[in-house]
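K.L.:
Using only what follows, build the 3D model:
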Amino acid sequence: QVQLVESGGGLVQAGGSLRLSCAASGRTVSSYAMAWFRQAPGKEREFVAGISRTGILDYADSVKNRFTISRENAKNTVYLQMNSLKLEDTAVYYCAAVLPRTLWQVPRQGSEYDNWGQGTQVTASS
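P.N.:
Numbering: from 1, shown residues only. Model (predicted):
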């Protein structure tokens with residue numbers, strides 16, 4: 001099992017930037033497929049971005065070209081750089097990890113992940 005702790009959320013004006021961090025302990029993040037999900041009030045949890053064990057990246061269409069997921073193995077941390085934030089990006093953001101069936105797999109279904117952080121609130125204001 002891996003323990004995940006998110007940080008970096010906050011309040012930012014629309015158009016601004018934030019960087020979320022997901023610090024892992026227990027096992028190395030390079031052993032897992034890692035992903036960020038988010039859940040806005042009254043909405044279902046949705047996939048935001050993911051990185052496979054081999055570094056393949058995947059993004060939801062709504063965040064493509066604005067968000068960047070990355071992994072720093074030396075710090076056992078995964079990041080989500082969020083630029084050009086929109087009001088609709090407001091949500092609680094969760095980091096998730098799973099031991100994938102293949103090196104290149106990045107599941108988009110939250111039900112496939114069995115390790116979750118506690119979440120961090122991101123609020124974009126007008």
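K.L.:
which residue is nearest the middle of this structure?
P.N.:
residue 36 (2.0 Å; CA atoms, centre = their mean).
K.L.:
ok, the residue lying closest to that one once chain neighbours are set aside - contacts?
P.N.:
Leaving aside its sequence neighbours, residue 36 sits nearest to residue 48 (CB to CB, 6 or more residues apart in numbering; 4.4 Å). Any C-beta I mention is one placed from the backbone N, CA and C, and that applies to glycine too. For residue 48, the contact set (CB atoms under 8 Å, 6 or more residues apart in numbering) comprises 35, 36, 37, 38, 59, 60, 63, 67, 80, 93.
K.L.:
okay, now the third one: neighbour count?
P.N.:
Right, residue 37. Number of residues near residue 37 (other CB atoms under 10 Å) recorded here: 24.
K.L.:
Packing partners of whatever helix or strand it lives in?
P.N.:
For residue 37, the element it lies in under DSSP states H and E is strand 33-39. The helices and strands touching strand 33-39, judged by 3 or more CB pairs under 8 Å, 6 or more residues apart in numbering; DSSP states H and E, are strand 18-25, strand 46-51, strand 67-72, strand 77-82, strand 91-98.
K.L.:
what residues are up against the closest residue to residue 39 other than its chain neighbours?
P.N.:
Excluding the flanking residues, the one nearest residue 39 by CB to CB, 6+ apart is residue 45, at 4.3 Å. Applying CB under 8 Å, 6+ apart, we find residue 45 in contact with 37, 38, 39, 94, 110.
K.L.:
The second one and residue 68: what is the separation?
P.N.:
Distance, residue 38 to residue 68, by CB to CB, to the nearest Å: 15 Å.
K.L.:
what about these two, which has more around it?
P.N.:
Shown here are residue 38 and residue 68; by other CB under 10 Å, residue 38 has more neighbours (23 against 15).
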